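>>> attaching a predicted model along with its sequence, questions to come.
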Amino acid sequence: MLVTGFPAGVFATNCYVLASEPGAECIVVDPGMDAMPTLTQVIEQHKLKPVAIALTHGHLDHTWSVTPLVDGYDIPAYLHGDDVDMVRDPLGWHSSGIVQLVGGDPSKVPAFDEVKVLQDGEQISIVGVELTARHTPGHTQGSVIFTFEHPGAPVMLSGDTLFQQGIGRTDLPGGSYEAIMRSIDEVCLSYDDGTVVLPGHGGQTTIGAERRSNPFILEYQRSKRS
């Protein structure tokens with residue numbers, strides 16, 4: 001199986017490309033700001049055919065390059081229904097300083113509304129790869145994780161829900177600390193310790209490592225016992 005990831009843009013958002021093998025169909029996960037040059041190289045290098053875009057949530061640092069991908073390859077983008085309003089009005093769901101971070105011109109921030117709405121438990125399937133979406137609200141109302149089987153260990157694409165030794169921020173519109181901790185506790189931690197976690201930012205980890213030492217998880221579990 002081919003699983004390739006790279007950080008893109010000023011937000012260093014991890015974009016992932018999944019395929020059963022070189023020369024096959026592929027799914028692109030979270031094509032963020034400035035992702036297209038590297039993404040195009042990956043597609044051409046491995047002779048891949050993009051057939052779907054899977055979005056872990058609607059924040060613009062994960063969706064910036066959706067439109068050129070949709071238009072260039074005539075493929076659908078999948079997003080949980082609770083985040084559809086976010087991609088229609090991306091600046092309305094971020095902090096006031098976001099315009100400066102993306103170059104100071106709000107008119108250049110891409111918006112779109114043509115998506116295929118994901119439900120909890122829904123699968124996105126191509127030859128040799130089957131992604132399962134699980135709803136994990138908290139970072140945004142429509143956040144999801146994606147899981148798939150990989151030789152050696154199952155893989156979780158955790159978006160901005162779960163990071164190595166951290167969790168997604170919950171202070172933006174639609175965020176909730178209580179919700180994200182419930183999502184991590186009830187959904188993410190329901191997977192085996194050996195599950196490899198590929199987050200939306202930063203390096204990879206495992207469910208076991210986060211269960212044992214993630215300070216947010218440990219504190220949440222202490223509070224549940226008290």
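Alright, I've got the coordinates.

>>> buried ones in the helix or strand bottoming out on mean pLDDT in the chain?
The helix or strand of the chain with the poorest confidence is helix 98-101; it has a mean of 75 (mean pLDDT, DSSP states H and E). Within helix 98-101, the residues that qualify as buried are residue 98, counting by 16 or more other C-beta atoms under 10 Å. From N, CA and C alone the C-beta is placed, and that goes for glycine too.

>>> give the next helix or strand downstream of that helix.
strand 116-118 (DSSP states H and E).

>>> helices or strands up against that following strand?
With contacts taken as 3 or more C-beta pairs under 8 Å, 6 or more residues apart in numbering; DSSP states H and E, strand 116-118 sits against strand 77-80.

>>> taking the mean pLDDT, what do you get for the strand it packs on?
Averaging pLDDT along strand 77-80 gives 98.

>>> who touches it?
52-55, 57-58, 63, 66, 69-70, 87, 112, 114-119, 124, 133, 135, 142-144 (C-beta atoms under 8 Å, 6 or more residues apart in numbering).

>>> now the residues you listed: which count as buried?
Buried members of the contacts of strand 77-80, counted by 16+ other C-beta under 10 Å: 52-55, 57-58, 63, 66, 69-70, 87, 112, 115, 118, 124, 133, 135, 142-144.

>>> out of the contacts of strand 77-80, list just those in strands.
Among the contacts of strand 77-80, DSSP state E puts 52, 53, 54, 116, 117, 118, 124, 133, 135, 144 in strands.

>>> done for today, thanks.
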